[in-house]
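A.B. asks: turn this into a structure:
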Amino acid sequence: MSDDLFRTRDVLRVSKPWGYELIFAKTARYVGKILHINQGQTLSLQYHNVKEETLFVVRGELKLTIESDGDRRVLPLREGESFHIPPRLIHRMEAVVDTDVAEVSTPELDDVVRLEDRYGREGTSAP
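C.D. replies: This is a model prediction of the structure:
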């Protein structure tokens with residue numbers, strides 16, 4: 001058996017204007033992250049062409065904006081709740097309090113189309 005099987009993996013911390021993300025798994029088939037969103041901060045209003053993700057609130061509370069065919073809604077997402085985001089669903093997360101979200105997705109990390117962004121980022125996935 002290879003010694004590689006018994007090795008721990010590094011966790012990549014990526015600073016974001018709304019907090020940070022910890023990428024703890026990245027394979028050709030899936031990615032696992034913890035998003036830490038500071039109270040009152042938001043991710044961009046965005047969608048993905050191919051990427052599919054599921055969110056699970058580990059700690060805290062979100063206002064999750066989703067929009068489909070012009071129907072925009074804001075849903076509360078609390079600790080212990082999850083939500084599936086298929087490709088092309090417009091979405092945004094806003095932290096009501098400091099919030100940690102587990103995100104499991106397909107591996108297309110650069111597949112981000114930003115529609116609005118509080119921090120001045122445009123287009124695709126700039127930090």
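A.B. asks: C-alpha only now, for contacts and for neighbours.
C.D. replies: Will do.
A.B. asks: give me the beta-bridge partners of G32?
C.D. replies: Beta-bridge partners for G32, by DSSP bridges, are A25, V104.
A.B. asks: per-residue confidence at it?
C.D. replies: Looking at G32, its pLDDT stands at 97.
A.B. asks: do I90 as well
C.D. replies: Model confidence at I90, given as pLDDT, is 98.
A.B. asks: what do you get for L115?
C.D. replies: On the pLDDT scale, L115 is placed at 93.
A.B. asks: need the contact list for it.
C.D. replies: Residues in contact with L115 (CA atoms under 8 Å, 6 or more residues apart in numbering) are S44, L45, Q46, E122, G123.
A.B. asks: what's the answer for Y30, then?
C.D. replies: V104, S105, T106, P107.
A.B. asks: low-confidence stretches in this structure?
C.D. replies: 1, 124-127 (pLDDT under 70).
A.B. asks: can we see that at 80?
C.D. replies: Applying pLDDT under 80 to the chain picks out residues 1-7, 122-127.
A.B. asks: quick one, strands of it?
C.D. replies: 12-16, 19-26, 31-37, 45-47, 53-59, 61-68, 71-78, 82-85, 90-95, 99-105, 113-116 (DSSP state E).
A.B. asks: closest to F6 out of those strands?
C.D. replies: Closest of the strands of the chain to F6 is strand 19-26, at 15.5 Å (criterion: CA to CA).
A.B. asks: report the central residue of this protein.
C.D. replies: E103 (5.5 Å; CA atoms, centre = their mean).
A.B. asks: please determine how far it is located from E52.
C.D. replies: 10 Å (CA to CA, to the nearest Å).
A.B. asks: same deal with G40?
C.D. replies: 25 Å.
A.B. asks: got the contact list for the closest residue to V101 other than its chain neighbours?
C.D. replies: In this structure, V101 finds its nearest non-sequential neighbour in V57, 4.5 Å apart by CA to CA, 6 or more residues apart in numbering. Residues in contact with V57, defined by CA under 8 Å, 6+ apart, are L77, R78, E79, G80, E81, S82, T99, D100, V101, A102.
A.B. asks: residues touching the fourth one, list them.
C.D. replies: G80 is in contact with F56, V57, V58, R59, counting by CA under 8 Å, 6+ apart.
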